[in-house]
Structure formats: C-alpha cells, structure tokens
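Trainee: quick one, fold the following:
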Amino acid sequence: MHGTFRQGDVLVVTPVPLETVRPGDIIAFQRRGSDGSIMVVHRVRAWAVDGLITQGDNCAAPDQEMVGAEDLIGWVCFVQRGGKTKPVWGGRAGQLWMVALHMGRRLAPLARLPYRLL
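Mentor: Just a heads-up that it's a prediction; the model follows:
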C-alpha cells in the first residue's frame with residue numbers, strides 16, 4: 001500500500017462485518033499459506049459473488065484470491081504518522097485516490113522525458 005501508507009505508519013483497524021465494506025475502502029485481512037497466515041492490507045476494488053476483490057495501491061493487478069467473511073479482520077479507519085492521527089479515505093474518495101496513484105505511475109515516465117532529451 002505504498003503511496004497511501006509509509007513504513008512505520010501505525011494503522012487503526014476497526015472490526016466490521018463483510019456486508020458493510022464498500023469498494024474503495026481499505027481493509028485488513030488474513031492470507032493463509034503453507035507456512036501459516038499473514039495479515040495483508042489492500043483496497044477493495046469490487047464485490048463479487050464469492051467475496052471481495054482487492055488490490056494494493058502499489059500493485060499493477062488485482063489479487064487472485066478473494067476475501068471472504070472468515071478472512072476479514074477489519075476496516076482501516078485511521079493512520080498514525082509522526083504523532084498525528086489522520087482518517088483514511090474510503091468509499092468513493094478511496095477509489096479516486098487509487099485511480100490517481102495508478103495514473104501517476106503511468107505518467108511518471110512521460111514526466112521524465114524532457115530531462116532525458118536534454
């Protein structure tokens with residue numbers, strides 16, 4: 001989630017039922033693997049029949065595995081950085097922020113083009 005969060009940030013997670021999560025919200029969930037489970041924080045892209053489709057703000061493609069109710073830890077509502085607590089954008093504002101981050105990554109090479117030509 002680089003772009004939205006930085007290393008050292010403290011995230012405040014509120015437990016919520018799966019039905020209340022909207023596209024654009026940032027959620028914390030478990031991924032179970034052969035070596036145990038890990039906690040993942042990604043943004044919700046969309047609802048599907050089997051659960052939620054998620055994607056990290058710094059990832060090029062959505063996650064392959066969907067998030068079900070049994071995997072959901074909660075909704076990331078605040079971030080603590082540098083002694084200050086700020087709300088995390090979710091819903092429509094979160095979706096717009098994700099689009100802006102992805103567009104910025106695609107346009108970054110074009111912004112460097114004039115310097116390469118000099």
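
Trainee: list the buried residues of the lowest-mean-pLDDT helix or strand in the chain.
Mentor: Using mean pLDDT, DSSP states H and E, the weakest-scoring helix or strand in the chain turns out to be helix 91-117, at a mean of 73. For helix 91-117, burial by neighbour count (16 or more other Cβ atoms under 10 Å) applies to Gly94, Gln95, Trp97, Met98, Leu101, His102. All C-beta atoms are positioned from the backbone trio N, CA, C, and that covers glycine.

Trainee: how about TSV for the residues you listed, with distance to Ala108 added?
Mentor: Output for the buried residues of helix 91-117, formatted as TSV (distance: Cβ to Cβ, whole Å):
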residue	distance to Ala108
Gly94	21
Gln95	21
Trp97	17
Met98	16
Leu101	11
His102	11
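
Trainee: where does the prediction get shaky in the protein?
Mentor: 1-3, 102, 105, 118 (pLDDT under 70).

Trainee: first-to-last residue distance for stretch 19-32?
Mentor: From its first residue to its last, stretch 19-32 covers 22 Å (Cα to Cα, to the nearest Å).

Trainee: what is the distance between that stretch and the centre of its chain?
Mentor: 9 Å (Cα atoms, centre = their mean, to the nearest Å).

Trainee: what's the answer for stretch 89-97, then?
Mentor: Using Cα atoms, centre = their mean, the distance between the centre of stretch 89-97 and that of its chain works out at 10 Å.

Trainee: ok, stretch 15-26 next?
Mentor: Worked out by Cα atoms, centre = their mean, stretch 15-26 lies 12 Å from the chain centre.

Trainee: next, the buried residues of that stretch.
Mentor: Leu18, Val21, Pro23, Gly24, Asp25, Ile26.

Trainee: tell me which element the third one falls in.
Mentor: Take DSSP states H and E as the rule and Pro23 turns out to sit in neither a helix nor a strand.
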